[in-house]
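predicted model and sequence below, questions to follow.
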Amino acid sequence: MNITVLSGSPKGKHSVTLQSVNYISKLYPEHTFDVFHIGQTIKTLMEDDEAFNTVMASVEASDLIIWATPVYVTLVPAQYKRFIEKIFSSGSAHLFKGKYSAVITTSISFFDNCAVDYLRAISDDLKMLFAGSYATDSYDLLSEEGQTRHSQFAAQLFEDIEAKALFGSRTLPLTDSWHVYNSGPDSAMVDTGSKKVLLLKDETYNDTNLGRMIERCVAGFKADIEVINLSDLTIKGDCLGCIQCGFDHHCVYEGQDDFIDFAKEKVAEADILILAGEVRDRWLSSTWKQFFDRSFYQNHVPALKDKQIGLLISGPLTQMTALKATLDAITEWQGAHVVDTVTDEVEDSTFIDSRIDTLVRRIASFAEHGYIRPATFVGVGGRKIFRDDVWGRHRFVFQADHAHYESNGFYDFPHDDAFSLKMSEDMIKLTADPEMRKAVRKMLKKEMVKPHIKVVEKAGAEEV
């Protein structure tokens, strides 16, 4: 069969993800693999219609399309996102209809499920037959077990396609409201004191729903807040995935464009961040993805720690699991606090006004009190994935992360709570006796909650 491989890595033939495809192609030489280095050649593909049409011609002639990409900051790289946007904007979506699709990703297993979900949703939007995904660890191919899994995945994939298997969509088509939001009377302005407020957007958004949402949000703050359009920054390119920043957090672009100074002088110094953008296909724009990808020069250090985050989004956010999950992941594992997300999905301008006013009031209050919501699995799990990875196999690569983790107590294993360890050891010995185990079981429910009750009682007494 004819297979088109759309490789998202900016590293071209040096992509780890592409080696998974190459391995499969060696095992199944009867198939033809037509590989396009989308991430590496994105500038040409965006500017040269002939180059883009060559890729589309391969897609049209293929039986299977493989979306092969590394995971960059919970999603596909910005270069790949830009290419997907062009598929829809150029009127080329029909060329994918009815084709089988599969996804192969590599990562350290941090929200790679979101990247897969995104590409599966894109496949559904393109009316493709999604035949499977293989989200692999970056080192999976180096083990015999991993090689076997690669072979098994490919064997089933090819068997299904040759059998002309049918696969259903998992995502419904997006339904976007086309109502016009118009802001009503101004609300009382909120004083943020000495807190710095920065609003970032990716376009001008003149005379649009999002533009009017931004205007109302800005007007809600008593002091002037800074508004920066990411499109106005001089950005030489997207993240290259070169990992040279891992040694000392110095980006190869430093001194060549505006981004690093902007990140250090504007984003890092802000106490409150308002992020505004429109939905593009199944995420925000590739400009926003470039912002998050380029921010990776700080690697896995929680650069947004203790910041209050507000989101203004135009488009059907509630219909997109991957977008909501990635925004939560990007902010929460870094120790930031997403105060609220306001969209224009509700066809009631008064309601949207109230939601924006509430966002402004709450974000100022949380900033004043320094409140950061406790991390859920998203934040705790993400931190532990990075902690273990930087401690172990990637310590050499991410030396700056390692130094930060050591000095900030991130390496909290093995657990050093001597009291708890000693208590557990004693109780394990004690409950080795069947009669004692039976007695302890009866006590567990009351004993576990007893310390919490004491805290509550003490608080009540102090209040009186």
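Here it is on my side, so go on.

domain parsing for this protein?
Listed by automatic domain parsing, the domain ranges of the chain are 2-162, 197-377, 418-463.

I'd like those domains laid out as TSV, including mean pLDDT, mean neighbour count and distance to Trp178.
All C-beta spots, glycine's among them, are computed from the backbone N, C-alpha and C. What follows is the domains of the chain, written out as TSV (pLDDT from 0 to 100; neighbours: other CB atoms under 10 Å; distance: least, CB to CB, whole Å):
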stretch	mean pLDDT	mean neighbour count	distance to Trp178
domain 2-162	97	19	18
domain 197-377	95	19	9
domain 418-463	88	10	51
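
please identify which of those domains is closest to Asp389.
domain 2-162 (5.2 Å; CB to CB).

now do the end-to-end distance for the closest one.
Length of domain 2-162, first residue to last, CA to CA, to the nearest Å: 12 Å.

and if you look at stretch 165-177?
End to end - CA to CA - stretch 165-177 spans 35 Å.

list the buried ones in it?
Thr171 (16 or more other CB atoms under 10 Å).

quick one: contacts of that stretch?
Residues outside stretch 165-177 that contact it (CB atoms under 8 Å, 6 or more residues apart in numbering) are 120-121, 124-125, 129-131, 279, 282, 315-316, 319-320, 344-345, 347.

which ones among the residues you listed are found in helices?
Within the contacts of stretch 165-177, residues falling in helices by DSSP state H are Arg120, Ala121, Asp124, Asp125.

which residues sit in contact with the third one?
In other words, Asp124. So Asp124 contacts Phe130, Ser169, Arg170, Thr171, Pro173 (CB under 8 Å, 6+ apart).

would you map the strands across the chain?
Assigned by DSSP state E, the chain shows strands spanning 2-7, 32-37, 64-70, 100-107, 129-137, 197-201, 226-229, 272-278, 308-314, 337-343.

contacts for the third one, please.
Outside strand 64-70, the residues that touch it by CB under 8 Å, 6+ apart are 1-9, 15-18, 20-21, 39, 59, 76-77, 80, 96, 99-107, 115, 119, 122-123, 128, 131, 157, 161, 241.

go again with 6 Å.
3-9, 17, 21, 76, 80, 99-106, 119, 161 (CB atoms under 6 Å, 6 or more residues apart in numbering).

can you give me the angle that strand makes with strand 2-7?
Orientation of strand 64-70 against strand 2-7 (axes from the mean of the first three to the mean of the last three CA atoms, to 10 degrees) gives an angle of 20 degrees.

strand 64-70 pairs with which strands, and in what direction?
The pairing partners recorded for strand 64-70 under DSSP bridges are strand 2-7 (parallel), strand 100-107 (parallel).

for these, give me TSV that also has distance to Leu430.
Output for the strands paired with strand 64-70, formatted as TSV (distance: least, CB to CB, whole Å):
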stretch	distance to Leu430
strand 2-7	59
strand 100-107	44
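
quick revisit: can I get the strands of the chain in JSON lines with distance to Arg383?
Shown next, in JSON lines, are the strands of the chain (distance: least, CB to CB, whole Å):
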{"stretch": "strand 2-7", "distance to Arg383": "30"}
{"stretch": "strand 32-37", "distance to Arg383": "33"}
{"stretch": "strand 64-70", "distance to Arg383": "21"}
{"stretch": "strand 100-107", "distance to Arg383": "16"}
{"stretch": "strand 129-137", "distance to Arg383": "18"}
{"stretch": "strand 197-201", "distance to Arg383": "24"}
{"stretch": "strand 226-229", "distance to Arg383": "29"}
{"stretch": "strand 272-278", "distance to Arg383": "20"}
{"stretch": "strand 308-314", "distance to Arg383": "17"}
{"stretch": "strand 337-343", "distance to Arg383": "15"}
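
out of those, nearest to Ser424?
Here strand 129-137 is closest among the strands of the chain (CB to CB), at 31.9 Å.

show me what that closest one is packed against.
When contacts are defined as 3 or more CB pairs under 6 Å, 6 or more residues apart in numbering; DSSP states H and E, strand 129-137 packs onto strand 100-107, helix 112-125, helix 144-162.

please identify which of the ones you listed is closest to Ala188.
Of all these, helix 112-125 comes closest under CB to CB, at 38.4 Å.

what angle separates the closest one from strand 100-107?
Going by the same axes, to 10 degrees, helix 112-125 makes 160 degrees with strand 100-107.

which residues are in contact with Val360?
Counted by CB under 6 Å, 6+ apart, Val360 has contacts Val190, Gly220.

residue numbering should commence at 182 henceforth.
Noted, 182 is the first residue going forward, which turns the last one into Val541.

Gly551 versus that one, what's the distance?
The gap separating Val541 from Gly551 is 18 Å, by CB to CB, to the nearest Å.

can you check Phe579 too?
Phe579 sits 29 Å away from Gly551, going by CB to CB.

over to Asp383?
In terms of CB to CB, Asp383 sits 29 Å off from Gly551.

and for Arg393?
Distance from Arg393 to Gly551, by CB to CB: 31 Å.

equivalent analysis for Leu199, please.
On the measure of CB to CB, Leu199 and Gly551 end up 46 Å apart.

now do Thr287
From Thr287 to Gly551 the distance is 38 Å (CB to CB).

same check, this time on Pro632
26 Å.

still on that earlier bit, got CSV for the ones in helices among the contacts of stretch 346-358, with distance to Ala249 too?
Formatted as CSV, the ones in helices among the contacts of stretch 346-358 follow (distance: CB to CB, whole Å):
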residue, distance to Ala249
Arg301, 14
Ala302, 17
Asp305, 18
Asp306, 19
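
how many residues are close by Asp570?
By the measure other CB atoms under 10 Å, the count of residues near Asp570 is 19.
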